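Participant: Structure here, sequence nowhere to be found:
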């Protein structure tokens, strides 16, 4: 059983392909990290796979009707937007929107999902606070909780831990790890290679729109690949908690 | 639901006040019987043919402007958005001015509002054409600004070329907006079109709630943005186009009412929709009452009073909530 299957996905910006014939599939229990330098096409790949961008090729998610897709995959965009001064709980409850009939109130199931999401992200005490009055990192956690409340088999997140403090970064990735252990799947783009190596069960590395490598963190995070794809000279230390990447310098 | 109750009471009170306050002093019992066609025939005429259409129109226009203001702010995620932004009211005003200028307004009884409505429809078609089917909210704003500017220029041109000062002053007076001296036929012309618009706008709640998190997140939650946009444009054009067609340009309602009520709606765009509809009705009814109570002999215009109340109120609100949007 796969939760997302992408075949020869190509996304073009004008004539130029920003994602070039990407193929992969994700099954339950996987926490997949999407890594690559800026402009490698990570966001376009994620948005294309969801059907939010015009694309060529096939994606099992994009083929679904929108409402059904929303029940299969939750999406956390890179731009964090909370337009109106709403309470944290109300923002998180927006994640239940795909399941609610027009004008319906939250059912006990919905309320449970919201409570569980708030607990997972450690936001119980923020419930009644105005989300717009929180700090950037706290808002990011609220928005992650919103995607968790959607309670989908697959969670797709675009740089979810950017701007979080170290503890919140680890807490968030631990939540993702737990989701995978519960039999769901996570596909997330990340820039911190050490954290990616530690918490992801699998890494997909992108460079210039192509999937360069796909495998376990130990297979993917090699000095040669970092040099070739990231233009980075790095020291890679294998540890029991996964490979530790210490960047040393930039290759011109 | 406390909010709903409070707004219903407020709007109801304004509605009754609007029916029973006026130039002719009619007691409430006399007025009530007259409203149902009994008692003093003079009172019957006043109640049924002057006060009732005026009150109904004020309430309908308030609902239209409040609802479309809340919808527009929700869609654009901007507290400064207002229904006039997409150029519908400007275009409807242009239609009315042209009807007055060419004398077509005198051709038959409802010639003026019908021309205004036609122009509102043309404006929406133009905006859809300019902004394209998949465009973002930014292209929609830009297209709206372009259409508004063009409509304003053509309105000025019409005034500029106006042959006699009498026509120009009639146009000016009409552009200030008013619900005085309207008949039930105005209500019957506007009501079905406005009602279509209300239905379209009231159905936006879910989508606007989702849009709180941005366009991408909303779309991933199963909301079709292109459908949402067409529904918003159609609803606003029908509601505001019909309002402008029968009463002229009345500003500030769509901007100020959602702004006042946002806090009481807990910021939720779907709650704000119906709250602003009721609040808009209360506000326009109140402003129309002011035109009757202050300087009744000088024929104050509704649009002028609305702006005089609205602008300071808006400033006060910005002053109070500036931290929220800092």
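Facilitator: The structure has been received and is ready for your questions. Computed from a prediction, not measured in an experiment: that's the story for all the values here.
Participant: do you know how far the closest residue to chain A within the stretch 1-150 of chain B is from residue B:296?
Facilitator: Closest to chain A within the stretch 1-150 of chain B is residue B:77: 3.8 Å, counting by C-beta to the nearest C-beta. Yep, even glycine has a C-beta here, placed from its N, CA and C like the rest. Distance, residue B:77 to residue B:296, by C-beta to C-beta, to the nearest Å: 42 Å.
Participant: same thing with residue B:86?
Facilitator: Going from residue B:86 to residue B:296 by C-beta to C-beta gives 35 Å.
Participant: Compare those two (neighbour count), which wins?
Facilitator: The residue with more neighbours, out of residue B:86 and residue B:296, is residue B:86; 29 against 11, by other C-beta atoms under 10 Å in any protein chain shown.
Participant: what's the closest non-adjacent residue to that one?
Facilitator: Distances taken as C-beta to C-beta, 6 or more residues apart in numbering or on different chains put residue B:144 closest to residue B:86, at 3.7 Å, once the chain neighbours are dropped.
Participant: Could you pick out the residues of the stretch 101-250 of chain A near chain B for me?
Facilitator: Residues of the stretch 101-250 of chain A lying close to chain B (C-beta under 8 Å from any C-beta of the partner chain) are A:102, A:103, A:130, A:132, A:133, A:143, A:146, A:150.
Participant: The first one is in contact with residue B:205, isn't it?
Facilitator: Right, residue A:102. Yes: at 7.5 Å, residue A:102 counts as touching residue B:205 under the criterion of C-beta atoms under 8 Å.
Participant: Mind telling me which residue is nearest the centre of the chain?
Facilitator: I went with chain A, as the question did not name one. Centroid-nearest residue in chain A, with C-alpha atoms, centre = their mean: residue A:157, separated by 2.1 Å.
Participant: should've been chain B
Facilitator: For chain B, by C-alpha atoms, centre = their mean, the most central residue is residue B:65; offset 3.1 Å.
Participant: Please report how far that residue lies from residue A:68.
Facilitator: Residue B:65 is 37 Å from residue A:68, by C-beta to C-beta.
Participant: try residue B:19
Facilitator: 51 Å.
Participant: Of those two, which one has the most company?
Facilitator: More crowded of residue B:19 and residue A:68, by other C-beta under 10 Å: residue B:19, with 20 against 12.
Participant: Name the helix or strand for that one, please.
Facilitator: Residue B:19 belongs to helix B:2-20 when assigned by DSSP states H and E.
Participant: at contact distance from chain A, anything in that helix?
Facilitator: No: residues of helix B:2-20 contacting chain A under C-beta under 8 Å from any C-beta: none, with a closest distance of 13.1 Å.
Participant: That helix: how far from the chain's middle?
Facilitator: 18 Å (C-alpha atoms, centre = their mean, to the nearest Å).
Participant: Give me the contacts around whichever helix or strand comes after it.
Facilitator: The helix or strand immediately downstream of helix B:2-20 is helix B:28-35, counting by DSSP H and E. Helix B:28-35 is contacted by residues B:19, B:20, B:26, B:39, B:40, B:43, B:44, B:46, B:47, B:48, B:51, B:52 when judged by C-beta atoms under 8 Å, 6 or more residues apart in numbering or on different chains.
Participant: now residue B:265, what's its secondary structure?
Facilitator: coil (DSSP: H, G, I helix; E, B strand; the rest coil).
Participant: do you know how far it is from chain A?
Facilitator: Shown here: residue B:265 relative to chain A, a distance of 9 Å by C-beta to the nearest C-beta, to the nearest Å.
Participant: Residue B:272 is in contact with that residue, correct?
Facilitator: Yes: look at residue B:265 against residue B:272 with C-beta under 8 Å: they come within range, at 4.2 Å.
Participant: quick one: residue A:117 and residue A:143 touch, right?
Facilitator: No: under the criterion of C-beta under 8 Å, residue A:117 makes no contact with residue A:143, lying 10.8 Å away.
Participant: returning to that earlier point: residues contacting the residue nearest to the centre of chain B?
Facilitator: B:83, B:239, B:240, B:243, B:250, B:253, B:254, B:257, B:280, B:284.
Participant: Dump those into TSV; add secondary structure as well.
Facilitator: Listed next are the contacts of residue B:65 as TSV, based on three-state DSSP:
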residue	secondary structure
B:83	helix
B:239	helix
B:240	helix
B:243	helix
B:250	coil
B:253	helix
B:254	helix
B:257	helix
B:280	helix
B:284	helix
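Participant: right, and out of those residues, which lies closest to chain A?
Facilitator: residue B:257 (15.6 Å).
Participant: Near that closest one, how many other residues are there?
Facilitator: Residue B:257: 30 neighbours (other C-beta under 10 Å).
Participant: for residue A:238, same thing?
Facilitator: Neighbour tally, residue A:238, other C-beta under 10 Å: 11.
Participant: Is it correct that it falls within a strand?
Facilitator: Yes: looking at residue A:238 with three-state DSSP, it is inside a strand.
Participant: Read off the pLDDT value for residue B:323.
Facilitator: Looking at residue B:323, its pLDDT is 62.
Participant: ok, then the element right after the lowest-mean-pLDDT helix or strand in chain B?
Facilitator: Within chain B, confidence by mean pLDDT, DSSP states H and E is lowest for helix B:165-175 among all helices and strands, at a mean of 74. Downstream of helix B:165-175, the first helix or strand assigned by DSSP H and E is helix B:184-202.
Participant: If you count contacts, what does the helix or strand just after that next one end up packed against?
Facilitator: Toward the C-terminus, helix B:184-202 is succeeded by helix B:205-211 as the next helix or strand (DSSP H and E). Helices and strands touching helix B:205-211, as assessed by 3 or more C-beta pairs under 8 Å, 6 or more residues apart in numbering or on different chains; DSSP states H and E, comprise helix B:52-76, helix B:215-220, helix B:225-247, helix B:269-293.
Participant: among the ones you listed, which is the most enclosed?
Facilitator: Highest mean neighbour count of these: helix B:52-76, a mean of 28 (counted as mean count of other C-beta atoms under 10 Å in any protein chain shown).
Participant: wait, residue A:99 sits on residue A:71?
Facilitator: Yes: applying C-beta under 8 Å, one finds residue A:99 in contact with residue A:71, separated by 7.1 Å.
Participant: what do those two both touch?
Facilitator: In contact with both residue A:99 and residue A:71: no residue, using C-beta under 8 Å, 6+ apart.
Participant: now residue A:20, what's its secondary structure?
Facilitator: Going by three-state DSSP, the secondary structure assigned to residue A:20 is strand.
Participant: Am I right that residue A:25 sits in a strand?
Facilitator: Yes: per three-state DSSP, residue A:25 lies within a strand segment.
Participant: Just give the closest residue to it, not the sequence neighbours.
Facilitator: Using C-beta to C-beta, 6+ apart and skipping the chain neighbours, the partner closest in space to residue A:25 is residue A:5 (4.0 Å).
Participant: Of all the residues in the helix or strand hosting the one you found, which ones are buried?
Facilitator: Residue A:5 is located in strand A:4-13, with elements delineated by DSSP H and E. Buried residues in strand A:4-13, counted by 16 or more other C-beta atoms under 10 Å in any protein chain shown: A:4, A:5, A:6, A:9, A:10, A:11, A:12.
Participant: Verify the stated contact: the last one with residue A:18.
Facilitator: In other words, residue A:12. Yes: counting by C-beta under 8 Å, residue A:18 is a contact partner of residue A:12 at 6.9 Å.
Participant: how about the helices in chain A?
Facilitator: Listed in chain order, the helices of chain A (DSSP state H) span A:42-50, A:66-72, A:88-93, A:108-120, A:136-149, A:166-181, A:193-199, A:217-220, A:223-230.
Participant: Show the average pLDDT along the last one.
Facilitator: Yep, that's helix A:223-230 we're talking about. On average, helix A:223-230 scores 91.
Participant: Summarise which helices and strands that helix is packed against.
Facilitator: Using 3+ C-beta pairs under 8 Å, 6+ apart: helix A:223-230 touches strand A:202-207, strand A:210-215, strand A:232-239.
Participant: Cool, thanks, signing off.
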